[in-house]
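Visitor: Got a sequence here, can you build the structure:
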Amino acid sequence: LHRGDVLNLPKLAVQADSVFSVGLVEHFDPEGTQKAVEAHFDLLRSGGCAMISFPTPTWLYSLARAACEALGIWRFPDERPLSRAEISAVVSNLGEIVFEKTLWPLILTQRLMVIRKN
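Guide: Here you go, the predicted structure:
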């Protein structure tokens, strides 16, 4: 277990088979999101898989978030739902998307992508 700032991770002597990320990459501007995603791949061995989940702007997400904001219970002011296109563009030179799915049962819908590192 390592704790650190994903935007300024020191070089770790870790080459993991898999990295799982949930609730992180959507809290940055586009440049920060790219840097955060790339940091996950720095920890992977060649052929390893990154599983990245992020909120995605479906109608259900938009409706649920608007309701939470109207009720004053939204606690993530810096969260921005990310499009599939934004994340696939970031990972296009890092690996191959081998699985993806929109997770509708979460109400605040998430997109899950599994990317195998080149």
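Visitor: What pLDDT is listed against the residue of the chain positioned farthest from its centre?
Guide: Outermost residue of the chain with respect to the C-alpha centroid, by C-alpha atoms, centre = their mean, is residue 71; its distance is 26.5 Å. According to the per-residue confidence, residue 71 scores 98 in pLDDT.
Visitor: Give me the buried stretch members for the longest strand along the chain, please.
Guide: Selection of the longest strand in the chain by residue count, based on DSSP state E, yields strand 44-55. Of the residues in strand 44-55, those buried by neighbour count under the rule 16 or more other C-beta atoms under 10 Å are 44, 48-50, 52-55. For the C-beta atoms, the positions are set from N, CA and C on the backbone; glycine is no exception.
Visitor: before we move on, what about stretch 96-116?
Guide: Applying a neighbour-count criterion of 16+ other C-beta under 10 Å, one finds 108-116 buried in stretch 96-116.
Visitor: Which of these fall within strands?
Guide: Here DSSP E is the test, and the buried residues of stretch 96-116 give 110-116 as lying in strands.
Visitor: thinking again about what came up before, list just the nearest of the buried residues of strand 44-55 to residue 25.
Guide: Ranked by distance to residue 25 (C-beta to C-beta), the buried residues of strand 44-55 are led by residue 54 at 5.4 Å.
Visitor: pLDDT check: weakest of the buried residues of strand 44-55?
Guide: Summarising pLDDT for those: the lowest-scoring member is residue 44, with 94.
Visitor: so who does it touch?
Guide: The contact partners of residue 44, taken as C-beta atoms under 8 Å, 6 or more residues apart in numbering, are 15-19, 50, 117.
Visitor: The residues you listed: which two are farthest apart?
Guide: So, the contacts of residue 44 by C-beta to C-beta: farthest apart are 15 and 50, at 13.0 Å.
Visitor: quick one on the thing from earlier: now, the most widely separated pair of the buried residues of strand 44-55?
Guide: Spanning the widest gap among the buried residues of strand 44-55 are 48 and 55, at 24.5 Å by C-beta to C-beta.
Visitor: Please report how far residue 49 lies from residue 31.
Guide: Applying C-beta to C-beta, to the nearest Å, the value for residue 49 to residue 31 is 25 Å.
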